[in-house]
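> below are the sequence and a predicted model; questions follow.
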Amino acid sequence: MLKYVAEEIASVATNITGYAIIITDDKGIVIGADSENIQRLGELHEASLEVISTGRQKKHTEEDCKRLQGTYPGITMPIEIRGEIVGTIGIKGDSTEVERYGMLVKMIAEIMLKDRIEAELAHIKHANLQMLVTTIITSDGNEISEATIDNQGKLLGYNLTLERVPILISRKEAVKGNEAGKDMYSTDIFKAIKRQFSNRQDIIVIIDASVERYLVFATLDTAQDINAVAEKCKAVQTDLKENYDTSVYIGIGRPCDSIESMKDGYKRAEMLLNSSLLGLTDKTIVKITDIPLERMIMEAAEYYEGKNLENRIKNILLDKNAAMYTDLITCWCESMFNFAETARRLDIHKNTLTYRFEKLKENYGVDLHDFSSTMAIYLCIKITRLNK
């Protein structure tokens, strides 16, 4: 790790002290240097060998340098991380003069190295967690694979049998081109989520970077329910709006306590973020319990998945005026079969609405005054839209 940050350490320290500085690895080989000493990369700095073996800093006079390969007058100090000597810092100059900068440069090097190590460890953790969640939401329900996933979770420190609530959080605005490649675990949205969902068992991953969409499996304790989770989601929205002028949609699924139910919970939270569902209310946070009809439709959609449900209304969907007919059926049902309200919602004259009723019956045998058949077709349309 020191190799990847050595040149940065040397450059920063040189700018602060004004002295030429080199960084070596744990074998005394120069791996970082200021711009004026870049030619020394790859050389042996023999004075570092004693410093590495003893763990103590060492001054070097002109006389010392005559017998030490690649060494100039100055001071050499060990770089220590978690009790291990990982390299050295060499400061060129009068040893008495440069010694006063020794501890400062050593501190700069060790802080920068620790920061880089922590960032790398965080990246590895996010990558492993991302893989775990991807495996969960794409699992096939096989007992052997679920046991493997459970063990994978334990290795990462997560108990997958705890009760959690799946939450999807997505930006309202599209991600700009120059933002699409940024680290999704350093965004304002991720930080706001992390401030509210800080339990070590809370799982937070990025699901879609193109729209900056995050999936949270929020842990429930004995004193919490789905409404407590919704309050935290409101706090995330308030934080983002007030501090970053960013708005998000949030879908909250039903509680889950197994790998299979985590997968199902995610799918339902995803459906909740469907624009047609959000459009049913003026809410920007929608809980699965808020929309009982849509919840039933989601379950029906899952039941009929892969059964080619669209065949029941295939002819209507293939018509060149499919959108007109499906909007007509949807508005008619959601207006509680009120003729005047349906015409108003569709923004058409009542005579035009009568004509469309007649054409639907004439072409496809659909009588919109037949409650049972009309509701069946309505549910088919909603399921079809959800599946797409």
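Structure's in. What do you need? Note that the structure is a prediction, hence the values are computed from the model and not measured.

> name the nearest residue to residue 325, ignoring sequence neighbours.
Spatial nearest neighbour of residue 325, chain neighbours left out: residue 316 (5.3 Å); criterion: CB to CB, 6 or more residues apart in numbering. From N, CA and C alone the C-beta is placed, and that goes for glycine too.

> so how far is residue 330 from the one you found?
Using CB to CB, to the nearest Å, one obtains 12 Å as the distance from residue 316 to residue 330.

> before we move on, back to that, Three-state assignment for the residue nearest to residue 325, please.
Here residue 316 is recorded as helix under DSSP: H, G, I helix; E, B strand; the rest coil.

> from residue 333, how far off is it?
For residue 316 relative to residue 333 (CB to CB), the value is 14 Å.

> ok, residue 364 touching residue 314?
No: using CB atoms under 8 Å, residue 364 is not in contact with residue 314; the gap is 10.2 Å.

> number of residues surrounding residue 98?
22 (other CB atoms under 10 Å).

> what sits closest to it if chain neighbours are left out?
Once flanking residues are discounted, residue 98 sits nearest to residue 91: 4.4 Å by CB to CB, 6+ apart.

> can you verify that neighbour is assigned to a helix?
No: under three-state DSSP, residue 91 sits outside any helix and is assigned strand.

> going forward, count from 679.
Yes, from this point I'll number from 679; that puts the last item at residue 769.

> identify the bridge partners of it.
Per DSSP bridges, residues listed as beta-bridge partners of residue 769: residue 699, residue 753.

> contacting residues for it?
Applying CB atoms under 8 Å, 6 or more residues apart in numbering, we find residue 769 in contact with 695, 697, 698, 699, 752, 753, 754, 755, 776, 779, 780, 783.

> TSV for the residues you listed, including pLDDT and distance to residue 808?
Formatted as TSV, the contacts of residue 769 follow (pLDDT from 0 to 100; distance: CB to CB, whole Å):
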residue	pLDDT	distance to residue 808
695	87	41
697	89	44
698	90	43
699	90	38
752	92	46
753	92	45
754	93	42
755	92	39
776	86	46
779	84	43
780	83	42
783	86	37
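
> so which of those residues comes closest to residue 735?
residue 755 (4.2 Å; CB to CB).

> what is the least confident helix or strand in the protein?
Here the helix or strand of the chain ranked lowest by mean pLDDT, DSSP states H and E is helix 953-956, holding a mean of 52.

> which element follows it toward the C-terminus?
strand 963-965 (DSSP states H and E).

> give me the distance from that next one to the chain's centre.
The chain centre lies 19 Å from the centre of strand 963-965; the measure is CA atoms, centre = their mean, to the nearest Å.

> now swap in stretch 883-901 and tell me
7 Å.

> re the thing from before, could you export the contacts of residue 769 as JSON lines, including distance to residue 888?
What follows is the contacts of residue 769, written out as JSON lines (distance: CB to CB, whole Å):
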{"residue": "695", "distance to residue 888": "45"}
{"residue": "697", "distance to residue 888": "48"}
{"residue": "698", "distance to residue 888": "46"}
{"residue": "699", "distance to residue 888": "43"}
{"residue": "752", "distance to residue 888": "52"}
{"residue": "753", "distance to residue 888": "51"}
{"residue": "754", "distance to residue 888": "50"}
{"residue": "755", "distance to residue 888": "47"}
{"residue": "776", "distance to residue 888": "51"}
{"residue": "779", "distance to residue 888": "48"}
{"residue": "780", "distance to residue 888": "49"}
{"residue": "783", "distance to residue 888": "43"}
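
> picking that back up, can you give me the pLDDT of the residue nearest to residue 776?
Per-residue pLDDT puts residue 769 at 91.

> with residue 987 instead?
For residue 987, pLDDT reads 51.

> and residue 1043, how many neighbours does it have?
Neighbours of residue 1043 under the rule other CB under 10 Å: 9.

> look up how far residue 801 lies from residue 789.
Residue 789 is 19 Å from residue 801, by CB to CB.

> hmm, back to that, nearest to residue 833 among the contacts of residue 769?
residue 755 (38.0 Å).

> residue 1026 falls within a strand, correct?
No: assigned with three-state DSSP, residue 1026 falls outside any strand and is coil.
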